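Enquirer: this one's sequence-less:
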């Protein structure tokens, strides 16, 4: 059977080839690998992980790596004056999404801008959404009963379930603490500049009863 592409005056095949050629130049989204990260500009260089193809004069095609995408804005979850950020390192996987129009004016100035060029679905207008993962790099021990912020190996995490917040790892806190309810600890409570409601430090207070020294129990650091 003859190849329809070799037939003359076949409008249906001509239209199909024209549409395929048009679609081949339109970029929407695809997986990528981070090559480098600029934390000040919050942009990355990204290598698309789906190869393109090139054809020679004889019609032979060969796979070819896509060009490196540079100055790609990173998408961090952010709204209402709050943001979630995380380190970005070479080798991180991401989803690259391409704007349907030129984003240069918006990226440089923000707000509502006119496109600086007429390009559409172009490699130059990419955004990098971090998080999509290939099968060799899926997270282990993903919890199904709550929300977590965690390290990849889950050695440290904050887990939120219905009625409970569980934290694994050391906590360094700066600021005041207000608690309603009981406090239970299985470790040692230590403090030197920490004050009670009366203004006395944990290392110097007494209990005011149980006459051992002048009618009072000794301070915690007394010998």
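Expert: Arrived safely. Computed from a predicted structure; not experimentally measured. Numbering: from 1, shown residues only.
Enquirer: leaving out sequence neighbours, find the closest residue to residue 156.
Expert: Leaving aside its sequence neighbours, residue 156 sits nearest to residue 169 (C-beta to C-beta, 6 or more residues apart in numbering; 3.6 Å). From N, CA and C alone the C-beta is placed, and that goes for glycine too.
Enquirer: whoops, residue 153 was the one
Expert: Closest to residue 153 by C-beta to C-beta, 6+ apart is residue 140, at 7.7 Å.
Enquirer: for this protein, which spans come out with low pLDDT?
Expert: In the prediction, the chain carries residues with pLDDT under 70 at positions 1-8, 22-24, 59, 191-223.
Enquirer: hmm, back to that, quick check: which element contains the residue nearest to residue 153?
Expert: Under the criterion DSSP states H and E, no helix or strand holds residue 140.
Enquirer: could you number the chain from 13 rather than 1 from now on?
Expert: Fine by me, first position is 13 from now on; the one you just mentioned is residue 152.
Enquirer: correct me if wrong: residue 128 contacts residue 114.
Expert: Yes - counting by C-beta atoms under 8 Å, residue 128 does reach residue 114; the two are 5.5 Å apart.
Enquirer: compare the two (neighbour count), which wins?
Expert: Of the pair residue 128 and residue 114, residue 114 is the one with more neighbours under other C-beta atoms under 10 Å, namely 19 against 14.
Enquirer: out of everything not next to it in sequence, what's closest to the more buried one?
Expert: Nearest residue to residue 114, sequence neighbours excluded (C-beta to C-beta, 6+ apart): residue 127, at 4.1 Å.
Enquirer: same thing with residue 89?
Expert: In this structure, residue 89 finds its nearest non-sequential neighbour in residue 96, 4.4 Å apart by C-beta to C-beta, 6+ apart.
Enquirer: I'd like the distance between that neighbour and residue 166.
Expert: The gap separating residue 96 from residue 166 is 18 Å, by C-beta to C-beta, to the nearest Å.
Enquirer: same thing with residue 182?
Expert: Distance, residue 182 to residue 166, using C-beta to C-beta: 15 Å.
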